[in-house]
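**Q** just coords:
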């Protein structure tokens, strides 16, 4: 199934085989995804950024969840981190709707969720213990 159903956009060379490591850094993907309100990328680039964000969320969410789970239940950092993980997973589950505009909105949402996940990951690393 194409990444953007009913648009005739196949996303370029997307296949069911594992893709090679993306040349897009997570920082660049976050910037591009959150800047999509001011510019519209080509469908192939949109696909590449979306895949990078999905991969980042898939790799980072379990790590943040585990680090947050090791903290006391009443810890505010834990609550914020777990909320960021839940939000990121929810955005991934929703998936893109039909059409290019929906794919842009999906990528922007993933960018915001991944950015918050990155922030919480750094916050957990910075605040090693306590509340």
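**A** Nice, thanks for sending it over. Keep in mind the model is a prediction, meaning the values are calculated, not measured.
**Q** wait, isn't residue 94 in contact with residue 110?
**A** No: if you go by C-beta atoms under 8 Å, residue 94 and residue 110 don't touch, sitting 9.6 Å apart. Yep, even glycine has a C-beta here, placed from its N, CA and C like the rest.
**Q** For these two, work out which one has more neighbours and name it.
**A** For residue 94 versus residue 110, the count of surrounding residues by other C-beta atoms under 10 Å is larger for residue 110: 26 against 12.
**Q** any weak-confidence spans in this structure?
**A** Regions of the chain meeting the criterion pLDDT under 70 cover residues 1-22, 129-131.
**Q** can you rerun that using 90?
**A** Within the chain, the segments meeting pLDDT under 90 span 1-43, 95-101, 126-131.
**Q** Helices of that one, residue ranges please.
**A** 26-34, 43-69, 76-94, 100-126 (DSSP state H).
**Q** In the last one, which residues are buried?
**A** By that I understand helix 100-126. By neighbour count on 16 or more other C-beta atoms under 10 Å, the buried set for helix 100-126 is 102-118, 120-121, 123-124.
**Q** swap in the second one?
**A** Residues 43, 46-57, 60-61, 64-65, 67-68 are the ones in helix 43-69 that count as buried (16+ other C-beta under 10 Å).
**Q** What of the first one?
**A** Judged by neighbour count (16+ other C-beta under 10 Å), helix 26-34 contains these buried residues: 26, 29-30, 32-34.
**Q** can you pull the contacts of the closest residue to residue 57 other than its chain neighbours?
**A** Nearest residue to residue 57, sequence neighbours excluded (C-beta to C-beta, 6 or more residues apart in numbering): residue 88, at 4.8 Å. Residue 88 makes contacts with 57, 60-61, 110, 113-114, 116-117, as judged by C-beta atoms under 8 Å, 6 or more residues apart in numbering.
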